[in-house]
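Visitor: Curious how this folds, go ahead:
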Amino acid sequence: MITMASSSFSLYSTTLLVLLLALFSSLQCSIVASTEFEVGDLKGWVVPPSNDTDIYNIWASNKRFQIGDSIHFKYKKDSVMEVGKENYDDCNATQPTFFSNNGNTEFKLNHSGTFYFISGATGHCEKGQKMIVRVMIQDVHSKSSGYHVPVGVFQIVFVLAFVASYVI
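Guide: Down below sits the predicted model:
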């Protein structure tokens, strides 16, 4: 036998569930976690061997960088600079747009486009310690090297947890 109180509670629960579902369904975004890349992997940011001077550009070209990702430079007695294309080509360290020499530098890739990095230590850039990083244009439909969780997954989990709390 269904009592008036349980019928009223059931109607309230159903209405609340429908309203919450409508609210979460209206969200059209996704949660995106950024990725941190270790420059040079285990080698870090060092002067490359003379027979492998393009090592950092090869490393970067094998990655898919997205807006919000960061690159981590690990080095000793050196520095890292972001410079313009001409300064990159000429290994000119006199006009950096970014400079760090703390040995443990994290650089946030905050827009799409091309970033140019060189070592600020004398002679290192000329020996190949430089890198070009290309950041992809943000596309909500493309897959990234980062981990994406669509909001719909959270909607389903939330609704199931909500329903289960009344069933159990």
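Visitor: so what's the backbone phi/psi at W59?
Guide: phi -60, psi -50 (degrees, to the nearest 10).
Visitor: did I read that right, Y88 in a strand?
Guide: No: looking at Y88 with DSSP: H, G, I helix; E, B strand; the rest coil, it is helix, so not inside a strand.
Visitor: Find the nearest non-adjacent residue to H111, please.
Guide: Once flanking residues are discounted, H111 sits nearest to I67: 6.3 Å by CB to CB, 6 or more residues apart in numbering. Bear in mind the C-beta positions are built from the backbone N, C-alpha and C, glycine included.
Visitor: For stretch 93-104, buried residues please.
Guide: Judged by neighbour count (16 or more other CB atoms under 10 Å), stretch 93-104 contains these buried residues: 93, 96, 100.
Visitor: what is the rounded mean pLDDT of it?
Guide: For stretch 93-104, the mean pLDDT works out to 97.
Visitor: mind checking the end-to-end distance for it?
Guide: Using CA to CA, to the nearest Å, one end of stretch 93-104 lies 19 Å from the other.
Visitor: residues in contact with that stretch?
Guide: Applying CB atoms under 8 Å, 6 or more residues apart in numbering, the external contacts of stretch 93-104 come out as 72-76, 78-84, 87, 107, 118-120, 125.
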